[in-house]
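Participant: Sequence and predicted structure are below.
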Amino acid sequence: MDNSRIRPALAAASSLRPHEETDKARQAEILREILRHGGVHPLVVSEDFVVLDGHHRLACLKLLGVEKIPVFVVDYFGNGISVSPRRGAILVSKELVVKRAKSGRLFPHKTTRHSFGHALPCARIPLKRLAATPEFRA
């Protein structure tokens, strides 16, 4: 994937569409990390806001009341991005990922593994920069 096809953005939390469930224990662990480091790495989403990487970070940021989520928007059906199953018994494809996200019938947590071809930009967004609403509770 060409890094020029990665677009940083802030997306409304309500517009993001997960395709996998989250694990509550893992979510608690990620929340502790976010609070300890005071920031979060952007999620990776498709152009129609399907979450490809960062389901647990999204859940944590929603718990904190963050309404604008940092994301890297990628061309999901372009070259360089692939999806493979983490659970052998569950069939996955890009089309199924999008279908599950749009229908709300989520895969179990950690069902898919996305590979992005090249390293994504390294960024950690401070929580203070995301605290644009009075509901933010970090």
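Facilitator: Nice, thanks for sending it over.
Participant: And the helices in this structure?
Facilitator: Using DSSP state H, the helices of the chain run over residues 24-37, 55-63, 94-103, 127-130.
Participant: Show residues contacting the third one.
Facilitator: By that I understand helix 94-103. 17-19, 46, 48, 50-52, 76-77, 81, 83, 106-107, 112 (Cβ atoms under 8 Å, 6 or more residues apart in numbering). Heads up, the C-betas are built off the backbone N, CA and C, glycines and all.
Participant: Tell me where the model's unsure across this structure.
Facilitator: 1-4, 132-138 (pLDDT under 70).
Participant: switch the cut-off to 50
Facilitator: Residues of the chain that meet the criterion pLDDT under 50 lie in 1, 3-4, 133-138.
Participant: hang on, Pro18 packs against His55?
Facilitator: Yes. Using Cβ atoms under 8 Å as the test, Pro18 is close enough to His55 to be in contact (5.1 Å).
Participant: so how far is Leu106 from the spatially most central residue of the chain?
Facilitator: The residue lying closest to the centre of the chain (Cα atoms, centre = their mean) is Gly54, at 2.9 Å. The gap separating Gly54 from Leu106 is 14 Å, by Cβ to Cβ, to the nearest Å.
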